[in-house]
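Asker: Pasting the sequence and the predicted model now:
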Amino acid sequence: MSKKFICDFKVSGKGIPLFLIHGIGSNKKTWKELIISLSKFFTVISYDLRGHGNSYVSKSNFKMNDLIQDLENLRNHLKIKHGYFAGHSLGGMIAPIYSLKFPKRVLKIGMLSTVAGRTIEDKKKINNVINQMEKNGIKNSLEKLTNRWFTDRFIKNKNYLVKKRLLQVLNTDPKVFLNVFKIYANTEMFPLLKKINHQTILITGENDLGCSPKHNIKMAKQIKDSQLVILPKLKHSILIESPEKVSKLMIDFFK
């Protein structure tokens, strides 16, 4: 019997376990600033998705179900009975889908900069982004990603943090990056949301085009026990651009 794959992870703090799940072409370091605050209240488990950061991958064409099982393998490895689960972007899809597959392991859910209920036009736009990356290369698409993720003010004043995030993308195997982008583009959670029975917080930026307030308002209405917070002026990278606000919202909700 083959040994179950365990993602590279880090545990910080004390309290009820809180699993943090990052997004496309990122890694556990994306949560660094938030963990400073979160670890005062929770046992925080941050980890690298397969093929990201320090987590290896045997094949690049894995599926959403593989990512869900990786999370369950990690929970089981750490011998944690249950906890809170919060994810950003693709991670914000993994958390609620995991909760439906393993409901007894989940106490509450956090969906950050996440989307469901895409229109036909939305799907065309995100597939165009993928097509452009496949055609022109990921490196040549970074400017477009930068403008989708960060506000102009942040790009100007905190460019070193923007560059650090883009370096995470470049350090991710292109095949893995495109694969997870396709998982993100092709996963439609909307029909599943009404099945969620856990308290859920949804947080998104006012100017996030892909995970817009419009999408999140519809999402929140589908989830029985949910609250929605829209952060003024922000775009997609709320963890990097406004870690203080996001961590406070998470502490207030989960604590």
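Answerer: That came through, no problem.

Asker: only C-alpha atoms for contact and neighbour calcs from this point on.
Answerer: Noted.

Asker: what's the burial count for residue 189?
Answerer: A count of nearby residues for residue 189, using other C-alpha atoms under 10 Å, gives 17.

Asker: scratch that, residue 4
Answerer: 11.

Asker: List the residues that contact it.
Answerer: residue 73 (C-alpha atoms under 8 Å, 6 or more residues apart in numbering).

Asker: Can you check the pLDDT for it?
Answerer: Predicted confidence (pLDDT) at residue 4: the value is 87.

Asker: For residue 67, which residues are in contact?
Answerer: Counted by C-alpha under 8 Å, 6+ apart, residue 67 has contacts 49-50, 94.

Asker: Name the helix or strand for it, please.
Answerer: Secondary structure from DSSP states H and E places residue 67 in helix 64-77.

Asker: cool, residue 110 as well?
Answerer: strand 106-112.

Asker: That strand - contacts with which helices or strands?
Answerer: strand 83-88, helix 91-101, strand 199-205 (3 or more C-alpha pairs under 8 Å, 6 or more residues apart in numbering; DSSP states H and E).

Asker: how about a markdown table for these, with mean neighbour count and distance to residue 70 added?
Answerer: As requested, the helices and strands packed on strand 106-112 are arranged in a markdown table below (neighbours: other C-alpha atoms under 10 Å; distance: least, C-alpha to C-alpha, whole Å):
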| stretch | mean neighbour count | distance to residue 70 |
| --- | --- | --- |
| strand 83-88 | 24 | 14 |
| helix 91-101 | 23 | 10 |
| strand 199-205 | 23 | 22 |
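
Asker: What's the separation between residue 144 and residue 129?
Answerer: As judged by C-alpha to C-alpha, to the nearest Å, residue 144 and residue 129 stand 9 Å apart.

Asker: can you give me the strands in this structure?
Answerer: 9-12, 16-21, 42-47, 83-88, 106-112, 199-205, 226-231 (DSSP state E).

Asker: In CSV: those, plus distance to residue 67 and mean pLDDT.
Answerer: As requested, the strands of the chain are arranged in CSV below (distance: least, C-alpha to C-alpha, whole Å; pLDDT from 0 to 100):
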stretch, distance to residue 67, mean pLDDT
strand 9-12, 14, 98
strand 16-21, 10, 98
strand 42-47, 12, 98
strand 83-88, 12, 98
strand 106-112, 16, 98
strand 199-205, 20, 98
strand 226-231, 24, 98
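
Asker: out of these, which comes closest to residue 121?
Answerer: Across the strands of the chain, residue 121 has its closest neighbour in strand 199-205 (20.2 Å, C-alpha to C-alpha).

Asker: Would you mind pulling up the elements that the closest one packs against?
Answerer: Secondary elements touching strand 199-205 (3+ C-alpha pairs under 8 Å, 6+ apart): strand 106-112, helix 213-222, strand 226-231.
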